[in-house]
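Participant: Whatever this is, show me its structure:
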Amino acid sequence: MYYNDLYQKTINFAANAHKDQKMPGNNFPYVVHLSTVCMEVITCCLTDLNLDIMFAMQVALLHDTIEDTETSYEDIKDNFGDNIAQGVLALTKNKNIAKEIRMQDSLDRIITQPKEVWIVKMADRITNLQEPPKEWSIEKIKNYHNEAILIYKTLNKANTTIGDRLILKIENYRKYFM
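Facilitator: Okay, here's the model as predicted:
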């Protein structure tokens, strides 16, 4: 399958799964977030030809489907294969454990995956390190910042280009609570 056809198949699946979901803070269709994460991932993959750009692109577009929609692991596996489903599952926070340990649990699963999955997590956080929603408290903003540092420390070895971009976004995010 051609790269463009695979991209279209994947984004259509993701857009349908997230069809009624909006981005917090701006009310854009959620597929805008997925596209932005994917753009970060593709840009990163172009700096390292050892990365599987097609795998990374699919995981990027699907990264929130299990966590935020009715889509199951089996749905992803049936449509995109086990490797993609495993990557998406690793990026999915386990809602059955305490909120305070969900990120570490997810990171522990991500580091068992190919580097492309690590890159998707960093790209997701890069795109989310925008101006926080107005209803967030200073404490929540600081916690989000600290989580971003944990993500960076755990995953930056996957690719220096995206690691450097993430640390710049983390440093810039400090202005929202300083």
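Participant: Averaged pLDDT, the helix of greatest length in the chain. What do you get?
Facilitator: With secondary structure taken from DSSP state H, the chain has its longest helix at helix 138-155. For helix 138-155, mean pLDDT rounds to 97.
Participant: helices and strands around that helix, which ones?
Facilitator: If contacts are counted by 3 or more Cβ pairs under 8 Å, 6 or more residues apart in numbering; DSSP states H and E, helix 138-155 sits against helix 99-110, helix 115-128, helix 160-173. Using the backbone N, CA and C atoms, a C-beta is placed for each residue, glycine as well.
Participant: Check the ones you listed for me and report the most buried one.
Facilitator: helix 115-128 (a mean of 24; mean count of other Cβ atoms under 10 Å).
Participant: how much space between L107 and I53?
Facilitator: 23 Å (Cβ to Cβ, to the nearest Å).
Participant: wait, P132
Facilitator: From P132 to I53 the distance is 31 Å (Cβ to Cβ).
Participant: which one of those two has more residues nearby?
Facilitator: P132 (19 against 16; other Cβ atoms under 10 Å).
Participant: contacting residues for the more buried one?
Facilitator: Taking Cβ atoms under 8 Å, 6 or more residues apart in numbering, we find P132 in contact with G25, K140, I141, Y144, Y176.
Participant: Filter the residues you listed down to the buried ones, ChimeraX style.
Facilitator: Buried subset of these, written as a ChimeraX selection, criterion 16 or more other Cβ atoms under 10 Å:
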select :141,144,176
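Participant: From D78, how far out is the most centrally placed residue in the chain?
Facilitator: Residue closest to the average C-alpha location in the chain (Cα atoms, centre = their mean): D124, at 3.3 Å. Going from D124 to D78 by Cβ to Cβ gives 24 Å.
Participant: In the protein, where is pLDDT below threshold?
Facilitator: The chain contains residues with pLDDT under 70 at 1.
Participant: Excluding residues flanking it in the chain, which one is nearest L129?
Facilitator: Nearest residue to L129, sequence neighbours excluded (Cβ to Cβ, 6 or more residues apart in numbering): K169, at 4.2 Å.
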